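Novice: Next come a sequence and a model predicted from it.
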Amino acid sequence: MKHLLYYLSLAIILSAGVLAVANLHNQKSLQIAIVVLIGLFYVLWGVVHHAVEHSFSIKIMLEYISIALLSISLVLFVLNIAL
């Protein structure tokens, strides 16, 4: 329960991003921009969350960056967007 607002905000933003990308069928550049912004938000969210909890470290930041890059790559692959 302690982290409910953190995870609820993350779920809302990620869901809104997924819906936005899904509704932009023929606008590849806008889809790419939204996917990258979602990844950046995820990293920022993780850094802020761990900073507030006093558990931030470079290792944690690199983990969030790695997950974001992997997710961005996977989504772009699934959307079949060639950069």
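Specialist: Yes, it's here. Since the model is a prediction, treat every value here as computed from it, not as a measurement.
Novice: Just the mean pLDDT for the longest helix along the chain, thanks.
Specialist: In the chain, with assignment by DSSP state H, the single longest helix is helix 28-52. Mean pLDDT, helix 28-52: 93.
Novice: For the most centrally placed residue in the chain, give its distance to residue 13.
Specialist: With distances taken as CA atoms, centre = their mean, residue 39 lies nearest the centre of the chain, 3.1 Å away. To residue 13, residue 39 is 11 Å away according to CB to CB, to the nearest Å. The C-beta positions use only the backbone N, C-alpha and C, and glycine is treated the same way.
Novice: Same check on residue 53?
Specialist: 19 Å.
Novice: Between the two, point out the one with more neighbours.
Specialist: Each of residue 53 and residue 13 has its neighbours counted (other CB atoms under 10 Å); residue 13 has more, 15 against 11.
Novice: ok, that one touching residue 44?
Specialist: No: Residue 13 is not in contact with residue 44 according to CB atoms under 8 Å; the separation is 10.3 Å.
Novice: Are there residues contacting both of the two? Which ones?
Specialist: With contacts defined as CB atoms under 8 Å, 6 or more residues apart in numbering, no residue is shared by residue 13 and residue 44.
Novice: roughly how far out does the longest helix of the chain sit from the chain middle?
Specialist: Helix 28-52 has its C-alpha centroid displaced from the chain centroid by 4 Å (CA atoms, centre = their mean, to the nearest Å).
Novice: tell me the average confidence for the very next helix or strand once past it?
Specialist: Next helix or strand after helix 28-52 toward the C-terminus (DSSP states H and E): helix 58-78. Averaged across helix 58-78, pLDDT comes to 94.
Novice: Give me the packing partners of helix 58-78, helices and strands only.
Specialist: helix 28-52 (3 or more CB pairs under 8 Å, 6 or more residues apart in numbering; DSSP states H and E).
Novice: Identify the residues contacting the helix it packs on?
Specialist: 3, 6, 9-10, 13-14, 17, 20-21, 24, 56-57, 60-61, 63-65, 67-69, 71-72, 75-76, 79, 81, 83.
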